[in-house]
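Q: This is the structure alone, sequence omitted:
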């Protein structure tokens, strides 16, 4: 049987995989479910985003070497974790296969290569950023 937990925000009983991890919590999970946590963070971000972006920018300027080292480590992890994506991106960039207009809306701004299957790097669809985000992240218009 799946382990269950009650969300302190919405009071619904949910499976533990519907809660973010929190090493400081008594059971290693946050008290609010992922849905409620995301709502709280979204409200916070709307209120504090400009201040937080400025704070991050200031930190990166003061700690440039640390930040660059973190960037290199994260890039290395990404390359190790997603080698098929790296191969597909390199294939597109090295062979100039990106089209000149979006296949969905016909736009010519901010074109990107969409890979329905990273294991077939030559199979791409040229999309504008908006159409690509809708396709990849299921964003609504």
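A: Now that the structure is in, tell me what you want to look at. From a predicted model like this one, the values you see are computed outputs, not experimental measurements.
Q: How much space separates residue 126 from residue 68?
A: For residue 126, the distance to residue 68 equals 32 Å [C-beta to C-beta, to the nearest Å]. Yep, even glycine has a C-beta here, placed from its N, CA and C like the rest.
Q: which SSE is residue 127 in?
A: Using DSSP states H and E, residue 127 falls within strand 125-128.
Q: what packs against that strand?
A: Applying 3 or more C-beta pairs under 8 Å, 6 or more residues apart in numbering; DSSP states H and E, one finds that strand 125-128 contacts strand 111-114.
Q: could you say what helices and strands the strand it packs on packs with?
A: Counting contacts by 3+ C-beta pairs under 8 Å, 6+ apart, strand 111-114 is packed against strand 125-128, helix 129-137.
Q: Tell me which of the ones you listed is the most buried.
A: Ranked by mean neighbour count, the helices and strands packed on strand 111-114 are led by strand 125-128 with a mean of 20 (mean count of other C-beta atoms under 10 Å).
Q: Compute the number of surrounding residues for residue 36.
A: Using other C-beta atoms under 10 Å, residue 36 has 20 other residues around it.
Q: Settle this for me: it is touching residue 6, isn't it.
A: No. At 11.6 Å, residue 36 does not count as touching residue 6 under the criterion of C-beta atoms under 8 Å.
Q: And the residue nearest the centre of the protein?
A: residue 137 (9.0 Å; C-alpha atoms, centre = their mean).
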